[in-house]
Structure formats: structure tokens, C-alpha cells
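Asks: Below is the sequence, then the predicted model.
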Amino acid sequence: MRTTVVLKDDLVKKAKKLSGEKTLSGLLNSCLADWIARHSRKELKARLVEEYRSGRQEARRISREFAHVDKEGWPSR
């Protein structure tokens with residue numbers, strides 16, 4: 001995709017030096033790939049946290065449902 005952007009010269013110079021990319025296109029593609037990966041990890045982490053919380057709530061609900069069984073007193077051998 002071709003597009004026109006206005007970038008600060010000093011930022012581009014520093015980014016090229018740090019990244020080792022020779023072209024502006026290579027630099028921008030690398031930056032976009034890093035940005036996507038970072039945000040994908042954030043999304044995955046948020047989903048994992050939500051699943052963990054819902055699993056913990058489910059475990060508590062099951063524990064409450066079976067609390068009376070724990071108090072029944074099983075015969076000893």
C-alpha cells in the first residue's frame with residue numbers, strides 16, 4: 001500500500017540507526033509488525049485474565065454447591 005506521511009527527521013534517523021533497517025519502508029513495516037505483536041499480546045493477556053477470573057468464580061460456585069457434602073461425615077475404614 002502506498003501512502004504519504006509526514007515524519008520527524010530526527011525520529012526517522014534514530015529509528016533507522018536502532019533498527020538497522022536501510023529503507024523507510026522496511027523501518028515502517030518493522031514498526032508496524034512490532035506494534036501489532038505487542039497489542040496482540042496485550043489482547044491475549046486480557047483474555048487470559050478474564051478466563052482465569054471466570055474460572056475462579058465457577059470454582060467458588062461449585063465449592064458452595066458441594067459444601068454440604070463436606071459436612072456429611074464419611075465413615076472411616
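Replies: Perfect, thanks for sending it. Numbering: from 1, shown residues only.
Asks: in this protein, which spans are helices?
Replies: Ranges of helices in the chain, per DSSP state H, are 9-19, 24-65, 67-70.
Asks: could I get these as TSV with distance to R2 and mean neighbour count?
Replies: No exception for glycine: its C-beta is placed from N, CA and C like everyone else's. Listed next are these as TSV, based on distance: least, Cβ to Cβ, whole Å; neighbours: other Cβ atoms under 10 Å:
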stretch	distance to R2	mean neighbour count
helix 9-19	18	11
helix 24-65	10	11
helix 67-70	65	8
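Asks: By mean pLDDT, show me the worst of those.
Replies: Among these, helix 67-70 has the lowest mean pLDDT, at a mean of 78.
Asks: With just CA atoms, put that one into PDB.
Replies: C-alpha atoms of helix 67-70 as PDB (Å, rounded to 0.1, in the frame of the first residue of the first chain):
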ATOM      1  CA  ALA A  67     -20.200 -27.600  50.900                       C
ATOM      2  CA  HIS A  68     -23.000 -29.700  52.500                       C
ATOM      3  CA  VAL A  69     -21.300 -32.900  51.200                       C
ATOM      4  CA  ASP A  70     -18.100 -31.900  53.000                       C
END
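Asks: now that helix: how far from the chain's centre is it?
Replies: Chain-centre distance of helix 67-70: 38 Å, with Cα atoms, centre = their mean, to the nearest Å.
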